[in-house]
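Trainee: Return atomic coordinates for the entry below.
(one chain, ligands or ions: 2)
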Amino acid sequence: MNVTLIPVTPFQQNCTLLVCDATRRAAVVDPGGDIERIAGEIERQGVTLEKIFLTHGHLDHCGGAGELAAKYDVPIEGPHPDDAFWIDQLEAQSARFGFPEPQPFTPDRWLGDGDTVTFGDITLDVFHCPGHTPGHVVFFSKDEQLASVGDVLFAGSIGRTDFPRGNHGDLIASIRNKLWPLGNDVTFIPGHGPVSTFGQERETNPYVADAVLARSGA
Ligand SMILES: [Zn+2]
Ligand SMILES: [Zn+2]
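Mentor: Ligands and ions are numbered 1, 2, ... in the order given. Okay, here's the model as predicted:
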């Protein structure tokens, strides 16, 4: 699988183009906006877009999903239905941040824990990781030992939980119980900022390192 990060929107959100090497078919994770840049990369690589995957319903992650889906006539899969209230507010989110008006959409498929998504010959496992938003999901390639975690976990930080229906305890539980068991060697692409590994964060992350959680009695 070939992976290209395409930071989009003023929030520099890590929109990700995943390409199946065998079939040259592709999926885009979290097309938050700047569709012409995403389309430019798809065309530059000469790949066929098959699906759009969404980690959660925040504007910078899904604001361009409707437009991209219409442009390529591809389905949108994810997030978990508990983020429907965020997607329903997409227009209001855009107005608040001065983003261009998004094309409304409804995901063609909602996702839940234990589901899988596919494109080309690639299969990704889906984990429901609430906390930052209630319907946040994470995509995991076992073969590549690579996770796309949206705003659950960052290099050196964790997702905000001060939004409506955010929950700090849920977020910590998602990280410990869903992400860490995937293994220390897993590389993850966060929604913003540089990539890291779960092992690195278990050692050094000031919020969720093993030593930090042990001290907090969590
Ligand atoms: Zn977010
Ligand atoms: Zn974000």
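Trainee: List the contacts of the nearest residue to residue 167 once chain neighbours are set aside.
Mentor: The shortest distance from residue 167 to any non-neighbouring residue, by CB to CB, 6 or more residues apart in numbering, is to residue 131 (5.5 Å). In short, each C-beta sits where N, CA and C put it, glycine included. By CB atoms under 8 Å, 6 or more residues apart in numbering, the contact set of residue 131 is 152, 159, 161, 166-175.
Trainee: Please name every helix or strand in contact with the strand or helix carrying residue 138.
Mentor: Assigned by DSSP states H and E, residue 138 belongs to strand 137-141. Helices and strands touching strand 137-141, by 3 or more CB pairs under 8 Å, 6 or more residues apart in numbering; DSSP states H and E, are strand 122-128, strand 146-150.
Trainee: related to what we said a few turns ago, nearest to residue 217 among the contacts of residue 131?
Mentor: Using CB to CB, the shortest approach to residue 217 within the contacts of residue 131 belongs to residue 172, at 11.7 Å.
Trainee: List the contacts of stretch 64-74.
Mentor: The contact list for stretch 64-74 (CB under 8 Å, 6+ apart) reads 8, 28, 31-35, 38-39, 42, 49-52, 54, 75-76, 102-105.
Trainee: need the residues of the chain near ligand 1, please.
Mentor: 58, 151 (CB under 5 Å from the ion).
Trainee: Which parts of the protein are strands?
Mentor: In the chain, the strands defined using DSSP state E lie at 2-8, 13-19, 25-29, 48-53, 76-77, 116-119, 122-128, 137-141, 146-150, 153-154, 157-158, 187-190, 196-197.
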